[in-house]
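Enquirer: Provide a 3D model corresponding to the input given below.
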Amino acid sequence: MIIQSPKKGRGWKVATIVLIVLLGVSFSNNVRHFTQGVLRGKGGPPRMSKPRLEEVTVAWAETQSTDNKVAIIPVEGLIMSEGLGDGNLVNFISDQFKMAANDKDVKAVVLKVNSPGGEVLASDDIYSLIKKFQKESHKPVVASMGSLAASGGYYVSAPCQWIVANELTITGSIGVIMHGYNYRGLMKKVGLRPQIYKSGAFKDMLSGERDLDNLTPEEKAQMAMEEKMVQSLIDETYGRFKSVVEKGRHDAYDLNQSNAAKDKSQPLSKDWQSYADGRVISGKEAQKLGFVDELGNFETAVKRAKVLAGIPDANLIQYQQLFDLTNFLRIFAKTDATTLKVDLGMNLPKLQAGHMYFLCPTVLR
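Expert: Just a heads-up that it's a prediction; the model follows:
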């Protein structure tokens, strides 16, 4: 009987070829950016602390015979302080605005928003970036709302000179939410009892370990005080949200009175605060209340950006991260065989107890 030895698979050959190609691309990009740095008088290796970006022309947009550009900067998904691998979402958006500000050919920015909101601080940081960009560069930012631009998604849109939404866009949800869990009942079932040592009466405020079923009169009084403290903090942040909306929309309306789009710019309605109670509204209703200037789609936002910038034509560009082999290899370096991730068909928000969020409540269900 003749025993045939198994044929050697070709998978390792393919993997080797792919790895060589990736190494070549990474090396080429590093050399190119090193050379650019030397030519600009900035010798030395490129910065590695932030995502390195390059400008790309939007593939699906028709190329125009002009040097004018409109930059598209997306704000999609949950607005969090971290994201993009080892990067930071706020820093990533900041880098894009810096590139748009430093490029004299970029005449306007379209902020493409499709987000239910997220962290209070991250949303406020992006708001400040947009406000500063428009003030210093004198380039308009037009918010283009997608299917969802609520809570923090609206917060980052508020400072924009113009806001465009679809009639069916879900927006609004102006408010603040903080949540947590009391798991003392579960601890009792498994026989756990916490031991707490604290420096002050309120050091364990918002703790989920309290036995709510057996509170002493003193503990009930303390919890009542804690609830007032937390509510005061939420009310203060909520007041900040409303002031951002009011100032952003009023400033935009005043600014738009001096351009060709003044007849379509929408002022805030007198009763707008009645709708700033956490409710979600449609884009159509938002336009009637002055939360949105114009109804339309992304193409409408691009056209409006060109009008505000005073240019007839422009090429659409985006900023994307350069491929870096170190980021690719980091994926494997971080692989943990003891970690099991289950795909439930949706991305659940990673909310932390005790943190405040500008977040549309529908994502919590």
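Enquirer: for Ile170, see how far away Ile234 is.
Expert: Counting by CB to CB, to the nearest Å, the gap from Ile234 to Ile170 is 23 Å. No exception for glycine: its C-beta is placed from N, CA and C like everyone else's.
Enquirer: which of these two has more neighbours?
Expert: Between Ile234 and Ile170, Ile170 has the larger neighbour count (other CB atoms under 10 Å), namely 22 against 15.
Enquirer: quick one: which helix or strand includes Glu62?
Expert: Counting by DSSP states H and E, there is no helix or strand that carries Glu62.
Enquirer: can you tell me how far it is from Leu316?
Expert: Glu62 is 9 Å from Leu316, by CB to CB.
Enquirer: what of Thr237?
Expert: Distance from Thr237 to Leu316, counting by CB to CB: 36 Å.
Enquirer: who has more neighbours out of those two?
Expert: Counted by other CB under 10 Å, Thr237 and Leu316 do not tie: Leu316 has more neighbours, with 21 against 17.
Enquirer: for the most centrally placed residue in the chain, list the residues it contacts.
Expert: Centroid-nearest residue in the chain: Ile79, 3.4 Å away (criterion: CA atoms, centre = their mean). Ile79 makes contact with Leu89, Ser115, Gly117, Gly118, Glu119, Ala122, Ser123, Ile126, Gly152, Gly153, Val156, Phe358, according to CB atoms under 8 Å, 6 or more residues apart in numbering.
Enquirer: ok, now with 7 Å
Expert: Ser115, Gly117, Gly118, Glu119, Ala122, Ser123, Ile126, Gly152, Val156 (CB atoms under 7 Å, 6 or more residues apart in numbering).
Enquirer: just give me the neighbour total for the fourth one.
Expert: In this case it means Glu119. There are 23 residues near Glu119, going by other CB under 10 Å.
Enquirer: which residues touch it?
Expert: Glu119 neighbours (CB under 7 Å, 6+ apart): Ile79, Met80, Ser81, His355, Tyr357.
Enquirer: give me the pLDDT for it.
Expert: On pLDDT, Glu119 comes in at 92.
Enquirer: what bridges to it?
Expert: Beta-bridge partners recorded for Glu119 (DSSP bridges): Tyr357.
Enquirer: distance between the helix or strand hosting Ile72 and the chain's centre?
Expert: Ile72 is part of strand 69-76 when elements are defined by DSSP H and E. Here the centre of strand 69-76 is set off from its chain's centre by 12 Å, with CA atoms, centre = their mean, to the nearest Å.
Enquirer: now do the buried residues in that strand.
Expert: Lys69, Val70, Ala71, Ile72, Ile73, Pro74, Val75 (16 or more other CB atoms under 10 Å).
Enquirer: identify the residue nearest the fifth one in space, chain neighbours excluded?
Expert: Read it as Ile73. Distances taken as CB to CB, 6 or more residues apart in numbering put Gln96 closest to Ile73, at 4.9 Å, once the chain neighbours are dropped.
Enquirer: residues in contact with that neighbour?
Expert: Leu53, Ile73, Tyr319.
Enquirer: tell me the one of those residues nearest Lys242?
Expert: Nearest to Lys242 among the contacts of Gln96: Ile73, at 25.2 Å, using CB to CB.
Enquirer: give me every residue that touches that closest one.
Expert: Ile93, Gln96, Phe97, Val109, Leu111, Lys112.
Enquirer: now Glu219
Expert: If you count contacts by CB under 7 Å, 6+ apart, Glu219 has none.
Enquirer: let's verify it: helix, strand, or coil?
Expert: At Glu219 the chain is in helix, as set by DSSP: H, G, I helix; E, B strand; the rest coil.
Enquirer: can you report phi and psi for Val109?
Expert: phi -130, psi 140 (degrees, to the nearest 10).
Enquirer: wait, it sits on Pro74?
Expert: No: contact criterion CB atoms under 7 Å: Val109 and Pro74 do not qualify, at 11.0 Å.
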